[in-house]
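# Take this sequence and fold it.
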Amino acid sequence: MQGVLQALQSFWPVLTGALTLTLSVVASAHAILYKRDSRAAVAWVGLIWLVPIIGTILYVLLGINRIRRRVAGLRGHESSHVGDLGLFECPPSELRSVLKRDYRHLVEMVELGRSLTRLDLLRGNTIEALFDGDQAYPAMIDAIDRAERSVTLTVYIFEDDAVGLLFLEAFARAIERGVEVCVLVDAVGARYSMPPITGRLRRVGVRTARFMSGLLTWRTPYLNLRNHRKILVVDGVIGFTGGMNIRACHLLSGHPAHPTRDTHFRVAGPIVQQLQATFVEDWNFTTGETLSGEKWFPEPQDSGGSVLARVIPDGPDQDMDKMSMAFQGALAVAQHSVRIMTPYFLPDRALIAALNTCALRGVRVDIVLPQRNNLKLVAWAAMAQMWQVLEWGCNVWMSAPPFDHSKVMVVDSMLCLIGSSNWDPRSLRLNFELGVECYDAQLAQQLEDRIEQQMIGAHQLTLAEVDGRPLHIKLRDGIVRLAAPYL
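Down below sits the predicted model:
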């Protein structure tokens, strides 16, 4: 026995060294092969070798930014799960006659959207902006109370608070009427309340799942790759999407401790089928079950609205970089004005170049950010690179409290890009997000009015102000910016 122990003591350093070497080689090879940014690849390889084992563990947790999803092909009209959306297609050739002469340059954006998503731009939609929880939550609960067949919801944060209980009770009433309810909550977002509300949901009969949850499954080594989408679909005909989670801070009339403004959207028309198909893919990925049939996908109907729209699913899978390219495409076609409202502004070099090029072409670019951010590190990192957009003529406005969580882009008072994506690496590279590409002057005016309201009384940031920060503040902000992809 003593000889065995001596042998183990002799070989243990060799085995440990061999294991460390193997793990470092495998992790380094993965970073070299799959990291799109050479600088990120160099940084990760350096960390892996300079901090053995720990560097490899950090790479597995934070550095692997893509996953393979088991489902595909559920969104388009070619799928058996979705109705015949081809009847509502508005091809670019027809778009020239639909849009007024002043907006025909946007046809190029339509072409880009189709190439990115392989989804049709659909006519016959109604999209209405709902501001703050005071407008959005009553409309959502009213729709749930009118449900006859099905309700599906995916959301990042579903808190067990007063607002969460309102939705819980609405779901319970729907189930009592025989409505089937499926709710998908991100596993990290669910932990904003402890215990999570998912237990309560299951007890009232809601079919509930948590996206990328568990401790030992193959899906969960990732701290990133969260489902940040917000989709509610009722009976397959009424939808809601945008940036709003389910939590009491959005209900401003309740005077919450940390009031948060936001913009959500009520949707009707054939575009709802694309929203539902995105939910179905996420549900299938999480549970292995595919929802199909009339209950989930009734025959699509024209809502009588004038909005042309298309869903843009985005995520660290086959949908990688779609929202980022959509933003860049919108900036490239803009001729008169671009207005952006986002809570978190950490654009990468490509987006910064697109913003600056747009401004240099004579397009007015207004970027509205919250003066007091709910994430201080993000605000510091954003300030560290703000000079890069200010020096070429973009206008940056810091809006007064309360904190505004809205994610809206309006181009030339016609094109609107709405949804859940922030202008930061976590949204555009690491999370599953959902955008909607819309063409409608009335919707654009509604959103521009909101943006202008935020600009009234806002502080316009100047390059001199950014350059004039004390050195220790600049260093602080610059150091935090190094961690921008993970803030």
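
# Where does pLDDT dip in the stretch 151-300 of the chain?
214-224 (pLDDT under 70).

# in it, which spans are helices?
Using DSSP state H, counting those that start in this stretch, the helices of the stretch 151-300 of the chain run over 162-176, 198-203, 271-287.

# And the contacts of the shortest one?
Residues from elsewhere that reach helix 198-203 (C-beta atoms under 8 Å, 6 or more residues apart in numbering): Phe158, Asp160, Leu168, Phe171, Val183, Val185, Ala190, Thr208, Arg210. C-betas here are computed from N, CA, C, even on glycine.

# Quick one: neighbours of the fourth one, just the number.
Translated: Phe171. Around Phe171 sit 24 other residues, with neighbours defined as other C-beta atoms under 10 Å.

# can you check the third one too?
By other C-beta under 10 Å, the residues close to Leu168 number 20.

# Could you do the fifth one as well?
As a burial measure, Val183 scores 25 neighbours (other C-beta under 10 Å).

# Please shift the residue numbers so they start at 393 in all later answers.
Got it, first residue is 393 now, which makes that one Val575.

# which ones are touching it?
Neighbouring residues of Val575 by C-beta under 8 Å, 6+ apart: Thr544, Leu545, Thr546, Val547, Phe550, Phe563, Thr590, Leu593, Val598, Arg599, Thr600, Ala601.

# repeat for the first one
With contact taken as C-beta under 8 Å, 6+ apart, Phe550 is in contact with 556, 559, 575, 577, 581-582, 585, 588-590, 637-639.

# The residues you listed, buried ones only, as a ChimeraX selection?
Selecting in ChimeraX just the buried members of these, where the criterion is 16 or more other C-beta atoms under 10 Å, is done with this command:
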select :556,559,575,577,581,582,585,588,589,590,637,638,639
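
# Reformat the helices of the stretch 543-692 of the chain as TSV; add distance to Leu723.
Supplementary listing: those in TSV, determined by distance: least, C-beta to C-beta, whole Å:
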stretch	distance to Leu723
helix 554-568	36
helix 590-595	40
helix 663-679	24
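
# out of the ones you listed, deepest packed?
Compared across the helices of the stretch 543-692 of the chain, helix 663-679 shows the largest average neighbour count, a mean of 25 (mean count of other C-beta atoms under 10 Å).

# Downstream of that helix, the next helix or strand is which one?
With elements assigned by DSSP states H and E, the helix or strand that comes after helix 663-679 is strand 699-706.

# ok, Trp784 - how many residues close by?
For Trp784, which is what you asked about, the neighbour count (other C-beta under 10 Å) is 17.

# What pLDDT is listed against the closest residue in space to it that isn't next to it in sequence?
With C-beta to C-beta, 6 or more residues apart in numbering as the measure, Asn748 is the residue that lies nearest to Trp784, at 3.9 Å, once sequence neighbours are left out. For Asn748, the pLDDT comes out at 98.

# where does Asn748 sit relative to Met717, distance-wise?
Computed as C-beta to C-beta, to the nearest Å, the Asn748 to Met717 distance reads 17 Å.

# tell me the domain boundaries of this protein?
The chain breaks down by automatic domain parsing into domains covering 394-455, 477-701, 714-878.

# Phe603 against Thr678, yeah?
Yes: here Phe603 lies in contact with Thr678, judged by C-beta atoms under 8 Å, at a distance of 5.4 Å.

# what sits in contact with each of these two?
Overlap of the contact sets of Phe603 and Thr678 (by C-beta under 8 Å, 6+ apart) consists of Leu576.

# right, so of the helices of the stretch 543-692 of the chain, which gets closest to His650?
Proximity to His650 (C-beta to C-beta) singles out helix 554-568 among the helices of the stretch 543-692 of the chain, at 13.4 Å.

# so when I look at the residue nearest to Trp784, I'm seeing a helix, right?
Yes: membership of Asn748 in a helix is supported by DSSP: H, G, I helix; E, B strand; the rest coil.

# List the residues that contact the residue lying closest to Ser585 once chain neighbours are set aside.
With C-beta to C-beta, 6+ apart as the criterion, Ser585 has its nearest non-adjacent residue at 3.8 Å, and that residue is Asp552. With contact taken as C-beta under 8 Å, 6+ apart, Asp552 is in contact with Ser585, Pro587, Pro588, Ile589, Arg592.

# Quick one: neighbours of the closest residue to Asp816 other than its chain neighbours, just the number.
Here the nearest residue to Asp816 in space, its sequence neighbours aside, is Leu738; by C-beta to C-beta, 6+ apart that works out to 4.0 Å. Number of residues near Leu738 (other C-beta under 10 Å) recorded here: 23.

# For Leu738, give me its contacts.
Residues Val770, Ala773, Ala774, Gln777, Trp815, Asp816, Pro817, Arg873, Ala876, Leu879 are the ones in contact with Leu738 under the rule C-beta under 8 Å, 6+ apart.

# what's near enough to touch the closest residue in space to Val596 that isn't next to it in sequence?
Using C-beta to C-beta, 6+ apart and skipping the chain neighbours, the partner closest in space to Val596 is Ala564 (4.2 Å). Contacts here follow C-beta under 8 Å, 6+ apart; on that basis Ala564 touches Val596, Gly597, Val598.

# Thanks a lot, see you next time.
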